[in-house]
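J.: Build me a model from this:
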Amino acid sequence: MSRVGKTPLSMYLSTRGWKVANVPLIPQIAPPPQLFKIERRRVIGLTIKLDQLAAYRRRRQQHMGLEGSAAYSDISEIEAELIYAQRVFHQGGFTVIDITDKPIEESADEIVAQISRRL
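T.: Predicted structure coming up:
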């Protein structure tokens, strides 16, 4: 999913010494099989509330100079993406962290705490 903060969060964690992979989940494309070969305790799924993700995408679309509606910012498309991501997380048995209204540092601390407790 685009706009849940995967890239900035990955970069922040890497500056703290963590090895991070950023895997986007796109409904029309199957996730890489390697994702399900990683020890599931090491995989964290990120999610965000529908309305916040939609607002982020509308702002990004405006900044890009795109007018009108597009699948990228269509609420039903975004909802389908969130549902798809939840299915992938469930299939892999991955922990999910909701990053709605959280700064990167707080999300990173939550991820580090989750993984540290398990390993």
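
J.: How far off centre is the least confident helix or strand in the chain by mean pLDDT?
T.: Ranked by mean pLDDT, DSSP states H and E, the helix or strand of the chain with the weakest confidence is helix 50-63, at a mean of 89. In terms of Cα atoms, centre = their mean, to the nearest Å, the centre of helix 50-63 is found 15 Å from the chain centre.

J.: helix or strand right after that helix?
T.: helix 75-92 (DSSP states H and E).

J.: packing partners for that following helix?
T.: strand 44-47, helix 50-63 (3 or more Cβ pairs under 8 Å, 6 or more residues apart in numbering; DSSP states H and E). C-betas here are computed from N, CA, C, even on glycine.

J.: And it, what's buried?
T.: Across helix 75-92, burial judged by 16 or more other Cβ atoms under 10 Å covers 77-78, 81-82, 84-85, 88-89, 92.

J.: just to revisit the earlier point, now the least confident helix or strand of the chain and helix 75-92, what's the angle there?
T.: With axes from the mean of the first three to the mean of the last three Cα atoms, to 10 degrees defining the directions, helix 50-63 sits at 120 degrees from helix 75-92.

J.: Closest to Gln34 out of the buried residues of helix 75-92?
T.: Gly92 (11.3 Å; Cβ to Cβ).
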